[in-house]
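**Student:** Here's a sequence, model it:
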Amino acid sequence: MNTSVRFALPLLALALTGCTGMSRTSTVYQAPVAAAPTVTAPVFSGPTPAQTTRAALQTTNVGSGFVDSAALSLMSSNDTAQASSAQYYALQFGRPGAPRAWKGDKGVSGVVNVGPYVRVNNLDCRDFTHTVTISGKDYVRKGTSCREQTGNWGVVGNVG
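**Tutor:** From the prediction side, this is the model:
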């Protein structure tokens, strides 16, 4: 056997036996833990998007220039409500060239077509055509409408 191995084995045995007599208690030190910062969500005092949409829908009235006045005088309150809803949703969400149809009472119906969004004086504007059909006769109103900061759509110009 090699001489160095002969001396190393007894030293290893001595070291191992010394380990068994050692105390196994040890102290574990824990580093300080920093608390995560508290994050609070901002509080918005304004209306929610759903509330803004609901309010804008209620204030989009076809009687304010979206429909030919001759047709408006022949429409019932339900016809007017259906036309106003279609006008709002066409302006707010409609794709250019995709008609938004509506039906009212006793054969009264209509269709709203909108153009692309155009930015004018920091307002979103769209051209529109609203056709109301009553007893087979079409009443057409063309114009431009812009969305106010409140979400309301208002007519800024009528062509016909």
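**Student:** Next up, phi/psi of Gly143, please.
**Tutor:** phi -170, psi -170 (degrees, to the nearest 10).
**Student:** For it, list the residues it contacts.
**Tutor:** Gly65, Phe66, Asp127, Phe128, Val155, Val156, Gly157, Asn158, Val159 (Cβ atoms under 8 Å, 6 or more residues apart in numbering). Where you see a C-beta, it was placed from the backbone N, CA and C, and this is true even at glycine.
**Student:** what helix or strand is the fifth one on?
**Tutor:** Just to be clear, that refers to Val155. In the assignment (DSSP states H and E), Val155 maps to strand 153-158.
**Student:** Can you give the strand pairings for that strand, parallel or anti for each?
**Tutor:** strand 137-147 (antiparallel) (DSSP bridges).
**Student:** Just the buried positions in the partner strand, please.
**Tutor:** Across strand 137-147, burial judged by 16 or more other Cβ atoms under 10 Å covers Tyr139, Arg141, Gly143, Thr144, Ser145, Cys146, Arg147.
**Student:** pretty sure the second one contacts Gly63?
**Tutor:** Same thing as Arg141. No: applying Cβ atoms under 8 Å as the test, Arg141 and Gly63 come out as separate, 11.3 Å apart.
**Student:** picking that back up, just the buried ones among the contacts of Gly143, please.
**Tutor:** Buried members of those, scored by 16+ other Cβ under 10 Å, are Gly65, Phe66, Asp127, Phe128, Val155.
**Student:** that's a strand at the fourth one, yeah?
**Tutor:** Pointing back at Phe128 there. Yes: assigned with DSSP: H, G, I helix; E, B strand; the rest coil, Phe128 falls within a strand.
**Student:** Alright, I will stop here.
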